[in-house]
Structure formats: structure tokens, C-alpha cells
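Need the 3D shape of this:
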Amino acid sequence: MRRLRILVWHTHGAYLHYLTQAPHDFYVLSKPGRPPGYAGRSGHLPWGDNVRDLPAGEARRQPLDLIVFQDDPQYLEDQHRYLSAAQRRLPKIYIEHDPPREHPVDTPHPVRETGVLLVHCTHFNRLMWDNGNVPTRVIEHGVIAPRARYSGELDKGLVIINHIARRGRRLGFDIFSETRKDIPLDLVGMGAEEAGGLGEVLHAELPAFASRYRFLFNPIRYTSMGLAVIEAMMTGLPVVALATTEMVTVIRDGVNGFIDTDVDRLISKMNFLLENLEDAKALGEAGRRSALERFGIERFVADWNDAFLEVTGAKHERFVA
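Numbers count the residues shown, from 1 in each chain. You can find the predicted model right below:
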């Protein structure tokens, strides 16, 4: 397909990094001071030459083909504030990263325009949202396989969650706090210090850092499938997780990881992994094969190209401001 000019926001930086592996030009909205959501092309991620910084004040003068939203304020406010009327008539995609917060089954999605394609990151998300008549599709995560490989040399587990303390029960802060009384656990991520953790590890350094731990523990009750889990699996790091949301379709208990809603049972499996490095290696290798097969970057890019083609159409003409 032809190369597109796509407007995006810097939301979920690692996801944006993988999305920009698609062979198109991505214009990332920025503001002075680079506040959250408007960081543009900045930070420690290895952005490609196809990622362009776009100051918000210049957006309405930028030739574009497509607008990709990633959260509610972008869709409900920013497009009216920063884009021209002609730009707002361009093809649009809204990426939904999470299941509904207010009510798990009866929450209408804020996107109600049937001309917008609503892309869910998991089948669970699409299942739980009330999507109305808006067209939807699911594009599962895709990641670049890290070079780091599992060693498991550290006799403890690792938790990778951003701001777990302030995000509370939904992200399993209570479960993490109780489990670490019985199991040695390190915590990394943005704001990890607030919960007695080690702090943030740069995305490029995280696979090698994580691969030394005996296992990854994912205490999250209710959110989308985490990129950190997939990236960890691709190193061969065995995963111990709650049997909730999309995770139940990724981890097969006792085959490529351990999964359950009984935290006490998960603690016993963590102890098993701490005492049996060779079994941990075998379990992690099975998880690695599963992740490589399901979450490869090539499939992800192909799925996104299909979505871009669907909304723009083969004969869509490039918009010139």
C-alpha cells in the first residue's frame, strides 16, 4: 500500500514505538515542556526516521491522511482544538487499550461515530465494551523480539508495573504487597519507589534486566494484556499471573506459565520455581515459543496495514491543508 501520513499522540510510548514499525510517516503531537500525552518525538525510545515531531500549533497546517486517537481527550477535545474542519473529516481510528472502568459490561464506548474504526488491543476488551454500531476490529499486540535470553540466576521474582501504588487494586497493589511477605519480589516501573520498588528501568534495558529473575509475577486484576508480560515471555522468563482478562488465552497453566485466581496456589508455584531452576527454564522456553508465535512484530504490522487500508481506501487522495 502507499505510504500514509498519520497523526498520533505520544500515549503508551512502548506501544507507539511498535506501531511506528509500520512503513508510514507518523506525526506525533507535542507541546512546550513535553507534558504527558504531548511528548512528541522525545524520550529514550529508539524512534525511527519515520517519526516526526509536530507542535500542536502547527497541526492544522500539516498534510495528513489519517488520524489515530489513543485516549478520550484526544478524540473528544484535541481534534476540535488543534485540527481544521477539513482534517476532522479525514479517516479516523481510535485505539482502545483497556477494558471499561465504570462498569465491566454496560459501559458505552465514548466513540459513537460509525465512521471511526475502533481498534481493540484484545478480544476481551472488545467483548466487554458496549461498542454500539461503531465498526470494530482486534489487533493484538506485536513486539520486537529482544535479544536477551533467560538465565534465572536471581532467586526472586520480578513485577513490572507503572505507578502500581496510585493505581491500587485494579493493578493488584494489594496482591503484590501481601505476596512479597512470603516471596522475594522486586518491583520496577515508573513510580515504583512509592511502593518500595527499585524505580524505572529504561525500555531498551528491561529485557536483559528482567531475564536474570527466576520468574515474572503479574498481579493485575483488570486491564489489557501488558506489553511487559509479552516482552518478558520472549526472553524465556516464566510468567506467574492472575487468570483474568486476556491473560487466560495466553498462559496455559503448567504448560507455558502458571495462572490461577487462587493467589495462595500461585505463591506455591512461585516457591516451586525458586527451588527448581531447570523446570523454570523449561516453562519459560514454552512461554517464549508461544509469545513469538502469537505476538510477532511482522503480524502486528501486517494487521495495522490492513486497518489503515480499510479506513483510507485504495483510492483515497492525500489531504493537503
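
Give me the residue at the spatial middle of this structure.
The residue lying closest to the centre of the chain (CA atoms, centre = their mean) is L227, at 4.6 Å.

Find the nearest non-adjacent residue to that one, please.
A14 (5.2 Å; CB to CB, 6 or more residues apart in numbering). (Each C-beta comes from the backbone N, C-alpha and C, glycine too.)

Which secondary structure state is assigned to that neighbour?
helix (DSSP: H, G, I helix; E, B strand; the rest coil).

let's number from 55 now, not from 1
OK, 55 is where the count begins now, so the last one is A68.

ok, it touching L260?
No: counting by CB atoms under 8 Å, A68 stays clear of L260, with 9.4 Å between them.

ok, the two, which is more surrounded?
Legend: neighbour count by other CB atoms under 10 Å for A68 and L260, higher for L260 (22 against 16).

Can you give me every residue that contacts the more buried one?
Contacts of L260 were listed using CB atoms under 8 Å, 6 or more residues apart in numbering, and they are I214, V242, A282, E285.

Let me know the secondary structure of it.
helix.

which residues in the stretch 205-354 of the chain form strands?
Residue ranges of the strands in the stretch 205-354 of the chain, as given by DSSP state E, counting those that start in this stretch, are 208-214, 239-242, 267-272, 293-296, 312-314.

So which of the ones you listed is the most surrounded?
The highest average neighbour count among those, using mean count of other CB atoms under 10 Å, belongs to strand 267-272 at a mean of 28.

just checking, what packs against that strand?
strand 208-214, helix 281-289, strand 293-296, helix 317-329, helix 331-348 (3 or more CB pairs under 8 Å, 6 or more residues apart in numbering; DSSP states H and E).

In which helix or strand does L172 reside?
strand 170-174 (DSSP states H and E).

partners of that strand in the sheet?
strand 146-150 (parallel), strand 190-192 (parallel) (DSSP bridges).

Out of those strands, flag the one nearest G367.
Among these, strand 146-150 comes nearest to G367, with 13.3 Å by CB to CB.

rewinding a little: roughly how far does the residue nearest to L281 sit from K235?
Between A68 and K235 the computed distance is 31 Å (CB to CB, to the nearest Å).

for G186, same thing?
Distance from G186 to K235, counting by CB to CB: 45 Å.

on that earlier part again, what's the closest of the strands of the stretch 205-354 of the chain to R59?
Evaluated over the strands of the stretch 205-354 of the chain, closeness to R59 peaks at strand 208-214, with 33.9 Å, by CB to CB.

So what are the sheet partners of the closest one and their directions?
As defined by DSSP bridges, the strand partners of strand 208-214 come to strand 239-242 (parallel), strand 267-272 (parallel).

Any stretches of this protein with poor pLDDT?
368-375 (pLDDT under 70).

how does it divide into domains?
59-196+351-366, 208-348 (automatic domain parsing).

how long is the last one end to end?
Spelled out, it's domain 208-348. One end of domain 208-348 to the other measures 28 Å (CA to CA, to the nearest Å).

And for D318, the neighbour number?
9.

H98 too?
H98: 11 neighbours (other CB under 10 Å).

What is the burial count for the residue nearest to it when sequence neighbours are not counted?
Leaving aside its sequence neighbours, H98 sits nearest to L256 (CB to CB, 6+ apart; 5.2 Å). By the measure other CB under 10 Å, the count of residues near L256 is 10.

and L256, how far is that from M244?
L256 is 11 Å from M244, by CB to CB.

ditto for E194
If you go by CB to CB, the gap between E194 and M244 works out to 24 Å.

Which residue of G186 and K235 possesses the greater neighbour count?
Taking neighbours as other CB under 10 Å, G186 and K235 compare with G186 leading, 13 against 8.

secondary structure class for the nearest residue in space to the more buried one that is not next to it in sequence?
Spatial nearest neighbour of G186, excluding adjacent residues (CB to CB, 6+ apart): R166 at 5.8 Å. Following three-state DSSP, the label given to R166 is coil.

Tell me the spacing between R166 and N185.
From R166 to N185 the distance is 9 Å (CB to CB).

Neighbour count for the two, which is higher?
N185 (18 against 12).

quick one: the closest residue in space to the more buried one that isn't next to it in sequence from V173, how far?
Spatial nearest neighbour of N185, chain neighbours left out: H163 (5.4 Å); criterion: CB to CB, 6+ apart. According to CB to CB, H163 and V173 sit 12 Å apart.

swap in R143?
For R143 relative to V173 (CB to CB), the value is 20 Å.

who's in contact with R203?
Residues near R203 by CB under 8 Å, 6+ apart: S265, T289, G290.

Not counting sequence-adjacent ones, nearest residue to the last one?
Translated: G290. Nearest one to G290, counting by CB to CB, 6+ apart, is Y204 at 3.3 Å.
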